[in-house]
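K.L.:
sequence and computational prediction follow.
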Amino acid sequence: MKHATRTLLQCTAHAIRSALALAAAAALAGAPLAARADPQGLLETVKHHTTLINTVPDNGDQNPYAIFVAPVSSGTVKEGDVLVDNFNNAANLQGTGSTIIDYHPDTKQMSLFATIPRDLKECPGGVGLSTAMTMLKSGWVIVGSTPSNDGTTGTKGAGCMIVLDSSGKIAKVISSPNINDPWGNMAVADNGDRATLFVSNAGFGVGGADGNPPVFKQATVLRLDLDIPNGQPPVVKRETVVASGFGAQADKGVFLVGPTGLALSADNKLLYVSDAIGNRINVIEDPLTRDTSAGVGRQLTADGLLHRPLAMIATPQGHLLVTNALNGQVVEIDPAAAKQLYARWIDTDKAQTPPGNGDLFGIALTPAADGFYYVEDDVNTLVLAK
């Protein structure tokens, strides 16, 4: 009799548990998945890496550096096209690349946008196209030159900024005592008939790379305020050094190590600078309006996931994406919290140690901001992460 009672109680308890489970399942089925956390940032949403093209043009230039997505259709460029420049020539000598290629996402084809004469007389030292490149809403393309005669910093020149029309023809050259090896990707505030460019200059004091080259704390961030008359090339109205004292060093492997990544906050009140020598991200206050140098500004974050930070962009969320020079990772940073969120491997090439070491340079958001383009310079490819 006790056995039968126990069995009946067990069956009743089982039925109650089953009914509760079914009720809970029904409730969950009709409710939003609130327990699933939203992504903290862009990197979490990236699922695929697609190699788009080999970036080597017919003249053999290699070592892709700068990436910029066209904001408008003008000349030979369509809105959404991806411009990529080359730092090395066919002999793989650094500071001698002279071409910009244009990748067309709609046709998945590449064309040559510009070939700039290597011995461009108006540019001190000639031409070696760096990571400093932009296309303005007015259609003008501006690219920096950090040139060398033989691929070493021992023969480097001060370089310049070259203005091209939207068909790749040289319109003018900008050079001044404030420009010395424009090195890093530019941050830009573009209003159409006016634009403000920020570019880092890593050449001051830097000489040859023999032995153990010293670090010169003379690298700057220069602001160029431009007027853009209708149909005419941009005119520099004002030059202001807004940051100074960053470290720069000659390097046989990568030519120069210096401040590279520049990105503006959404309200343009902060300029973020990736300081490769200091292995940190710094902040310059009031970059659009200040009339004096802020020095190196204040430190936002350092070390941790950063391994010689290079190119940098801001996401619509207000985060920063920074490529590492010493491994194949990109790091996402939340500036508001001064927190490094995470790093993600985007280049796992084991031919380098660590994987991807020295491969990553330019980075640019897709037009829809749902992914980003980057280059792997060891194999001369443009890649889409999405």
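P.N.:
Sure, I can see it.
K.L.:
end to end on stretch 116-134, go ahead and measure it.
P.N.:
Distance between the two ends of stretch 116-134: 16 Å, counting by CA to CA, to the nearest Å.
K.L.:
list the buried ones in it?
P.N.:
The neighbour-count check on stretch 116-134 (16 or more other CB atoms under 10 Å) flags 116, 118, 120, 123-134 as buried. All C-beta atoms are positioned from the backbone trio N, CA, C, and that covers glycine.
K.L.:
one more: stretch 313-328?
P.N.:
Applying 16+ other CB under 10 Å to stretch 313-328 flags 313-315, 319-328 as buried.
K.L.:
now stretch 371-386
P.N.:
For stretch 371-386, the neighbour count (16+ other CB under 10 Å) marks 371-385 as buried.
K.L.:
which pair of those residues spans the longest distance?
P.N.:
For these, with distances taken as CB to CB, the pair at the greatest spread is 371 and 378 (21.6 Å).
K.L.:
what are the phi and psi values at residue 44?
P.N.:
With angles defined as degrees, to the nearest 10, residue 44 sits at phi -60, psi -30.
K.L.:
helix, strand, or coil at the closest residue in space to it that isn't next to it in sequence?
P.N.:
Closest residue in space to residue 44, ignoring its immediate chain neighbours: residue 342 at 7.8 Å, by CB to CB, 6 or more residues apart in numbering. Look at residue 342: counting by DSSP: H, G, I helix; E, B strand; the rest coil, its state is strand.
K.L.:
residue 342 bridge partners, please.
P.N.:
In this structure, residue 342 bridges to residue 332 when assessed by DSSP bridges.
K.L.:
surely it touches residue 39?
P.N.:
No: counting by CB atoms under 8 Å, residue 342 stays clear of residue 39, with 10.7 Å between them.
K.L.:
these two: who's more crowded?
P.N.:
The residue with more neighbours, out of residue 342 and residue 39, is residue 342; 15 against 10, by other CB atoms under 10 Å.
K.L.:
mind naming the longest strand for this structure?
P.N.:
Counting residues, the longest strand found in the chain (DSSP state E) is strand 235-251.
K.L.:
tell me the strands beside it, with direction?
P.N.:
Here strand 235-251 is paired, per DSSP bridges, with strand 216-227 (antiparallel), strand 255-257 (antiparallel).
K.L.:
who touches the shortest one?
P.N.:
Under the contact criterion CB atoms under 8 Å, 6 or more residues apart in numbering, strand 255-257 has outside partners 87, 94-95, 146, 148, 152-153, 156, 181, 183, 202-203, 206, 247-251, 276-277, 308, 325.
K.L.:
and residue 262, what does it touch?
P.N.:
Here residue 262 is in contact with 184-187, 198-200, 221, 271-274, 312 (CB under 8 Å, 6+ apart).
K.L.:
inside strands: which ones of those?
P.N.:
Going by DSSP E, the strands hold 187, 198, 199, 200, 221, 271, 272, 273, 274, 312 from those.
K.L.:
so which of these is the closest to residue 304?
P.N.:
residue 274 (13.6 Å).
K.L.:
so what sits opposite the closest one in the bridge?
P.N.:
Counting by DSSP bridges, the residues bridging with residue 274 are residue 281.
K.L.:
name the helix or strand for the nearest residue to residue 156 once chain neighbours are set aside, please.
P.N.:
Distance criterion CB to CB, 6+ apart; nearest residue to residue 156, sequence neighbours excluded, is residue 148 at 4.8 Å. Under the criterion DSSP states H and E, no helix or strand holds residue 148.
K.L.:
for the stretch 251-386 of the chain, give me the ranges with low pLDDT.
P.N.:
With pLDDT under 70 as the threshold, the stretch 251-386 of the chain has no low-confidence stretch at all.
K.L.:
can you give me the buried ones in stretch 295-314?
P.N.:
Buried, per 16+ other CB under 10 Å, within stretch 295-314: 296-297, 300-301, 305-314.
K.L.:
make CSV out of those residues and add secondary structure and distance to residue 140.
P.N.:
Shown next, in CSV, are the buried residues of stretch 295-314 (DSSP: H, G, I helix; E, B strand; the rest coil; distance: CB to CB, whole Å):
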residue, secondary structure, distance to residue 140
296, coil, 31
297, coil, 29
300, strand, 31
301, strand, 34
305, coil, 36
306, coil, 33
307, coil, 35
308, coil, 32
309, strand, 29
310, strand, 25
311, strand, 22
312, strand, 23
313, strand, 21
314, strand, 22
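K.L.:
which of the residues you listed sits closest to residue 193?
P.N.:
The closest of these, once distances to residue 193 are taken by CB to CB, is residue 314, at 23.7 Å.
K.L.:
residue contacts, the residue lying closest to that closest one once chain neighbours are set aside?
P.N.:
Spatial nearest neighbour of residue 314, chain neighbours left out: residue 263 (4.4 Å); criterion: CB to CB, 6+ apart. The contact partners of residue 263, taken as CB under 8 Å, 6+ apart, are 187, 271, 272, 312, 313, 314, 320.
K.L.:
residue 263 and residue 39: what is the separation?
P.N.:
According to CB to CB, to the nearest Å, residue 263 and residue 39 sit 20 Å apart.
K.L.:
hang on, the earlier thing: quick check on the contacts of strand 255-257: which are buried?
P.N.:
Applying 16+ other CB under 10 Å to the contacts of strand 255-257 flags 87, 94-95, 146, 148, 152-153, 156, 181, 183, 202-203, 206, 247-250, 276-277, 308, 325 as buried.
K.L.:
can you verify the residue nearest to residue 314 is assigned to a helix?
P.N.:
No: checked against three-state DSSP, residue 263 lies outside a helix; its state is strand.
K.L.:
what's opposite it in the beta bridge?
P.N.:
residue 272.
K.L.:
any idea which of the buried residues of stretch 313-328 is closest to residue 267?
P.N.:
Taking those together and measuring to residue 267 by CB to CB, the closest member is residue 314, at 11.1 Å.
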